[in-house]
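quick one, structure for this:
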Amino acid sequence: MLTLVTGGTGFTGSHLVRRLLARGDTVRVLDNAPGLFARELQAAGAEVTLGSVTDVNVVERMTEGTRQVFHVAAVFRQINLPDETYHEVNAVGTRIVGEAALRHKVDSFVYCSTQGVHGDIKSPPGNEQSPITPEDYYQTTKYEGEQEIAALVERGLPATTLRPMAIYGPGDPARFLYLFRAVKRGRFLMFGDGTTFYHPLYIDNLVDAFLLAAFQPGTGEVYLIGDREYCSLNELVTAVAASMGRRVQITHLPFGPLWLAAGLCEAVCKPLGLEPPLFRRRADWFRQNRAFSIDKARHGLGYEPKFNLATGLARTAEWYRENGYL
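Modelled structure (predicted):
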């Protein structure tokens, strides 16, 4: 099967591409940068093209002849980019890819959104019907992308939208690395009481969900995808320590000063074009509840997470050590 994966050289996309290649698909990858994995994926047989999902001509060429499309590409965690860039890539780019897929009559289209569209869950666990309350421009524009897909479904695009939880796993050089490094020092500064809920998602579980979604009738359904269980931040930090064979002391500090420092850091760095070492979105990690039911995905996709937190963290720690990150 000829398959297109946008954002396929990144952490999430590269895992999906490897699985598709392993099952025998011919895979095209479109990404705006080679990332860590472009050469590896090319050597494994993927056709990698560097370009933007906002380039209509490139998207048209990459989509022609494909039977399924996984749209993973997005602008993410880049503080100094203007809001217009987030909108162009995450919303307009999604429409461009979706329209091309519709023109070429693909069999299935899977859009990767985010749990973040729900914002802070006031009464956990949340579900797909929880209020849409994005709290930053990334989350806002990912939901705009969802709306673009919904409009294309009305025109016949066989699409399914996934809202992943906090993705982690081997090959991730950013999302969990700071957590592992902080815990490795033996003392973790927890701003707040640490009872905030966190819902992890091991990368192999997410890839399972992608493949299940691609073989379901694309009728515009939206599914939250996470591991079987969520946990408190205190439990997460303790589990990260255990994955490295260590113990950690958690020191609790008030959240307010961290929030003020994050805002100040952004205000100073942004005019200078510098990436702030601390920003409000990162600080929110300590206070926003992210905990959801995955029952809809279980019933609608047949999704059942195979990897638990202990196994996922152990595999992630091993990759960090083998690749010199820890």
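
mind listing the helices for the protein?
11-22, 38-44, 56-63, 83-86, 93-103, 137-154, 177-184, 203-214, 233-243, 256-269, 280-283, 295-301, 309-322 (DSSP state H).

mean pLDDT for these: which is lowest?
Ranked by mean pLDDT, the helices of the chain bottom out at helix 280-283, with a mean of 84.

contact partners of that helix?
Here helix 280-283 makes contact (CB atoms under 8 Å, 6 or more residues apart in numbering) with 77, 79, 135-136, 138, 191, 255, 258-259, 261-263, 266. (Each C-beta comes from the backbone N, C-alpha and C, glycine too.)

next one: the closest residue to Gly192 other than its chain neighbours from Pro173, what distance?
Ranked by CB to CB, 6 or more residues apart in numbering and with sequence neighbours excluded, the top spatial neighbour of Gly192 is Phe255, at 4.5 Å. Per CB to CB, to the nearest Å, Phe255 is found 27 Å from Pro173.

who has more neighbours, these two?
Taking neighbours as other CB atoms under 10 Å, Phe255 and Pro173 compare with Phe255 leading, 17 against 13.

ok, the more buried one - contacts?
Phe191, Gly192, Ala283, Phe286, Arg287.

residue contacts, the first one?
For Phe191, the contacting residues are His252, Leu253, Pro254, Phe255, Leu258, Ala283, Phe286, Arg287, by CB under 8 Å, 6+ apart.

hmm, which of the residues you listed is lowest in pLDDT?
Ala283 (90).

can you give me the neighbour number for the nearest residue to it once chain neighbours are set aside?
Among residues not flanking Ala283 along the chain, Ala262 sits closest, at 4.2 Å (CB to CB, 6+ apart). Applying other CB under 10 Å, we find 19 residues neighbouring Ala262.

isn't Ala262 up against Phe279?
Yes - judged on CB atoms under 8 Å, Ala262 makes contact with Phe279 at a distance of 5.5 Å.

quick one: contacts of stretch 92-101?
By CB under 8 Å, 6+ apart, stretch 92-101 touches 6, 52-54, 56, 59-60, 62-63, 66, 69, 71, 73, 109, 111, 144-145, 148-149, 152, 157, 159.

now which of these would you call buried?
Neighbour-count burial (16 or more other CB atoms under 10 Å) is assigned, among those, to 6, 52-54, 59, 62-63, 66, 69, 71, 73, 109, 111, 144-145, 148-149, 152, 157, 159.

by neighbours, which of the contacts of helix 280-283 wins?
When neighbours are taken as other CB under 10 Å, the top entry among the contacts of helix 280-283 is Tyr138 (22 neighbours).

picking up where we left off before, any chance of TSV for the contacts of helix 280-283, columns distance to Gly13?
What follows is the contacts of helix 280-283, written out as TSV (distance: CB to CB, whole Å):
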residue	distance to Gly13
Arg77	15
Ile79	22
Glu135	25
Asp136	22
Tyr138	17
Phe191	32
Phe255	34
Leu258	32
Trp259	32
Ala261	33
Ala262	29
Gly263	32
Glu266	28
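
return the member of those residues nearest to Thr238.
When the contacts of helix 280-283 are ranked by distance to Thr238 (CB to CB), Phe191 comes first, at 16.7 Å.

and the closest one, what's its pLDDT?
97.

what does Asn80 give?
67.

next one: Glu135
On the pLDDT scale, Glu135 gets 86.

skip the chain neighbours and tell me the closest residue to it.
Leaving aside its sequence neighbours, Glu135 sits nearest to Gly119 (CB to CB, 6+ apart; 4.8 Å).

next one: Leu177
Spatial nearest neighbour of Leu177, chain neighbours left out: Tyr325 (5.8 Å); criterion: CB to CB, 6+ apart.

is that neighbour in contact with Gly171, as I believe?
No - contact status for Tyr325 versus Gly171: not in contact, 10.8 Å apart, counting by CB under 8 Å.

list the buried ones in stretch 118-129?
Those would be His118, Gly119, Asp120, Ile121, Pro124, Pro125, Gly126, Glu128, for stretch 118-129 by 16+ other CB under 10 Å.

right, and Ala310 touches Met244 too?
No - judged on CB under 8 Å, Ala310 makes no contact with Met244 at a distance of 12.0 Å.

and the two? which has more neighbours close in?
Comparing Ala310 with Met244 by other CB under 10 Å, the one with more neighbours is Met244, at 19 against 11.
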